[in-house]
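Novice: Here is a sequence with its predicted model. Questions after.
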Amino acid sequence: MLFERLFQIYLFAIFFLTCGSVTAQGSSNLPSSMPCPANLTECIKELETTLPSVTLDKFRSSPETVASDYHLSLGLWICNNWIMGEWHYKSPLAKYFMALGIDNAEDMSGIILTSLWRDLHSQPLRLEEQVSNYKKYWFYNSPQITEERSIPDEVWNQALRTYSGQMIKLADFKGRPFILLIFANDIATPTAIFSLNSIRKTFGTKELQILGMLPPFEPMDKATQADFVRKTRPSFPLVFKCPPEFGYALGNALISPGDIYFPEIVLIGRNGKMITRFHGWYKKETQQSLEKSVHAALRR
């Protein structure tokens, strides 16, 4: 999931656009009046009894990843007929999953599809593990993640060239709190940079340093870089090109298993470890929370 944009908004849009008209693989032959199961065991039994043989054969002959291929077809049928639709999270099945701590319809259908595959292959469902993985996904994609995380030596010591031509390393910032901005040329980034300019002015360069970085998979040509700098006027250095291995190692250290959701803002303490990370930019709320976190970091 690392470095993929948060996909749930897109999937929900597709869901509501196709609500009631899912005709893709494996779902068009299912009756809309099928009784709603009350738990996972009943789901599997109902699907194995009712699904077309071609769909069941596909599940039997394919690796477990085939379950995701049915996310926008059979998965949406499950959402529409067993979870959402007229039920709107009030069905017995929805209540069953919500009691487990799963409150997203597509997560529910994802567990059902994976469990169907495992049952057809006579494998344990490992429901607790599936639930844990979905909870972990949402935790690491929440607006703010507070967790102490270390940065590998190879990340600290990688030489980077800033937009102005200066050679720097993350190690240059060790010993005092600093903010690492992982950005993209998108609509939220300029607002974040304006706010970080203000934060840097508030705390001063001796107390707090900031570094902005473009991930290696978001290339920006020189003309676009110049236009970006002209519009945002950052008061801190920007790195527009970093080695891919550095970018991925940094992401694994500070973001994984979450997705990247630009801009990512990471506050690193005097001890060189991450204190907190902001997932996306939500204007005043993020700036206020970040300023509060910086104040706390300076007191340590």
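Specialist: Done, it's in.
Novice: And the helices in the stretch 151-300 of the chain, which stretches?
Specialist: 153-156, 189-203, 222-232, 244-254, 284-299 (DSSP state H, counting those that start in this stretch).
Novice: And this protein, what are its domain boundaries?
Specialist: The record's domain parsing of the chain by automatic domain parsing lists 8-139, 144-299.
Novice: These: lowest mean pLDDT?
Specialist: Mean pLDDT is lowest for domain 8-139 out of those, coming in at a mean of 84.
Novice: Can you add distance to Glu264 and mean neighbour count and give the helices of the stretch 151-300 of the chain back as a markdown table?
Specialist: (Glycine included, C-beta is placed from N, CA and C.) Shown next, in a markdown table, are those (distance: least, Cβ to Cβ, whole Å; neighbours: other Cβ atoms under 10 Å):
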| stretch | distance to Glu264 | mean neighbour count |
| --- | --- | --- |
| helix 153-156 | 15 | 14 |
| helix 189-203 | 10 | 18 |
| helix 222-232 | 16 | 13 |
| helix 244-254 | 8 | 18 |
| helix 284-299 | 11 | 16 |
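Novice: Show me the one of those helices that comes nearest Asp107.
Specialist: helix 244-254 (23.3 Å; Cβ to Cβ).
Novice: and the closest one, what other elements does it pack with?
Specialist: Contacts defined by 3 or more Cβ pairs under 8 Å, 6 or more residues apart in numbering; DSSP states H and E place helix 244-254 against helix 153-156.
Novice: which residues touch Asn39?
Specialist: Pro92, Leu93, Tyr96 (Cβ atoms under 8 Å, 6 or more residues apart in numbering).
Novice: do you know how far the residue nearest to Pro124 when sequence neighbours are not counted is from Trp87?
Specialist: Among residues not flanking Pro124 along the chain, Arg118 sits closest, at 6.8 Å (Cβ to Cβ, 6 or more residues apart in numbering). Separation of Arg118 from Trp87 (Cβ to Cβ, to the nearest Å) stands at 26 Å.
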